[in-house]
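Visitor: Kindly generate the corresponding structure for this input.
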Amino acid sequence: MNYIRTHWNGEFSLRRSFWVHFLVLIIAYYYIGQWIRLFLYAHPEAFVLAVIAHLVVFWLILYPWQVVGLLRACGKHSVTHDHPLWARAVQAIVILSFLGTLIHLLGSIQLLAVYKNKINNQPEDRLQAKYALSLVRNERFIHLRGTIDFGVTSDVEEILRHHSGIEGIILDSPGGIVYEGRGLFMLIKKHGLDTYSFRSCSSACAIAFIGGARRFLGEAARLGFHQYRLDSDRVQPFSDIESEQQKDLSLYKGQMIKDEFLDRIFDTPQSEIWFPAQTDLIAAGVVDRIIPDGELPAAGI
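Guide: Modelled structure (predicted):
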């Protein structure tokens, strides 16, 4: 409690108040938020609770404590130093951070509103979902067909929980919800699954595909990429599409995709789709091998 009170009263040095109590906590907030979006999006109740707790703890409790203590440290620094330039710079940063915080809060509230709308509009009967999941080849592979829609990650996770011998997943989808694509990416990567497509796999589907330990395309299959769009009919002025694209670029880099390819991956407008040649996909490390349509390699090959 003394530590908390000391910062609140501005009794720490300005340097410590800024770098440790302000900047480090802001960075921690950012990375915790990314973890929540990547790992909990497919679990509605946990996601909503985590986002609300995240906002309350950081912006309604920690942020006021950070800012008040920092501004008081600025005041004391100005009194005890002849050159208050550093204090003025920190005060300007605090003002900018407040504006950024307001925009972020509005964006997070929008995200929860859109998410709640999706939950409310889920079909009660899973048979009405926009995607289909089946087990093929002696239950060694999952086949996903249709849109990467809300709930698909949790459904695939449920299949993996009850079938320990699954080696890969076949993805034939035009795309869908980016967050679900990321959820599949993480799930596929976690279980070390190979990914396949024998028709077409675009947009959010391509995110999932790149999560594969080994990645295979059928001779007639294509992978499609384009810029993201807002996943709602509502206007979302506080959503940052560029930020969302950067998150997935970081995932792709972790899968050893070449930078030359990544530089082009979001060049195509969201109304169009870029289908790279299969030879380019192999050269860039996106695809490991082209295989005959419908042929699934044996384990270990």
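Visitor: show me what contacts the residue lying closest to residue 167 once chain neighbours are set aside?
Guide: Nearest-residue entry for residue 167: residue 140, 5.1 Å, with adjacent residues in sequence omitted and distances by C-beta to C-beta, 6 or more residues apart in numbering. Backbone N, C-alpha and C define where each C-beta goes, glycine included. By C-beta atoms under 8 Å, 6 or more residues apart in numbering, residue 140 lies in contact with 165-168, 296.
Visitor: Export the residues you listed to TSV and append columns for neighbour count, secondary structure and pLDDT.
Guide: Formatted as TSV, the contacts of residue 140 follow (neighbours: other C-beta atoms under 10 Å; DSSP: H, G, I helix; E, B strand; the rest coil; pLDDT from 0 to 100):
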residue	neighbour count	secondary structure	pLDDT
165	10	coil	91
166	17	coil	95
167	19	coil	95
168	25	strand	96
296	18	coil	77
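Visitor: export these to a markdown table and tack on distance to residue 109?
Guide: Formatted as a markdown table, the contacts of residue 140 follow (distance: C-beta to C-beta, whole Å):
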| residue | distance to residue 109 |
| --- | --- |
| 165 | 43 |
| 166 | 38 |
| 167 | 42 |
| 168 | 39 |
| 296 | 45 |
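Visitor: Relative to residue 253, which of those residues is nearest.
Guide: residue 168 (22.6 Å; C-beta to C-beta).
Visitor: could you check the distance from that closest one over to residue 216?
Guide: Per C-beta to C-beta, to the nearest Å, residue 168 is found 8 Å from residue 216.
Visitor: After the helix-or-strand element of the chain with minimal mean pLDDT, which helix or strand is next? Please name it.
Guide: Lowest by mean pLDDT, DSSP states H and E among the helices and strands of the chain is helix 85-120, with a mean of 78. Downstream of helix 85-120, the next assigned helix or strand under DSSP states H and E is strand 131-136.
Visitor: contact partners of that next one?
Guide: By C-beta under 8 Å, 6+ apart, the surrounding residues in contact with strand 131-136 are 141-149, 152, 155-156, 159, 163, 166, 170, 173, 176.
Visitor: same check, this time on stretch 86-96
Guide: When contacts are defined by C-beta under 8 Å, 6+ apart, stretch 86-96 is touched by residues 14, 18, 67, 70-71, 74-75, 77-78, 81.
Visitor: Considering these, which member attains the minimum pLDDT?
Guide: Looking at the contacts of stretch 86-96 by pLDDT, the weakest one is residue 81, with 80.
Visitor: how far away is residue 257 from residue 271?
Guide: 24 Å.
Visitor: and what of residue 131?
Guide: Counting by C-beta to C-beta, the gap from residue 131 to residue 271 is 23 Å.
Visitor: neighbour-wise, which of these two wins?
Guide: Of the pair residue 131 and residue 271, residue 131 is the one with more neighbours under other C-beta atoms under 10 Å, namely 19 against 8.
Visitor: nearest residue to residue 203 other than its sequence neighbours?
Guide: residue 175 (2.8 Å).
Visitor: can you pull the pLDDT of the one you found?
Guide: 93.
Visitor: With the one 3 residues further on instead?
Guide: At residue 178 the predicted local confidence, pLDDT, stands at 86.
Visitor: List the residues that contact it.
Guide: Applying C-beta under 8 Å, 6+ apart, the residues contacting residue 178 are 203-204, 207, 228, 231, 244, 248.
Visitor: So which of these sits lowest on pLDDT?
Guide: Note: of the contacts of residue 178, the lowest pLDDT belongs to residue 231, at 52.
Visitor: Buried subset of the contacts of stretch 86-96 as a PyMOL selection?
Guide: Per 16 or more other C-beta atoms under 10 Å, the buried members of these correspond to this PyMOL selection:
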select buried, resi 14+18+67+70+74+77+78
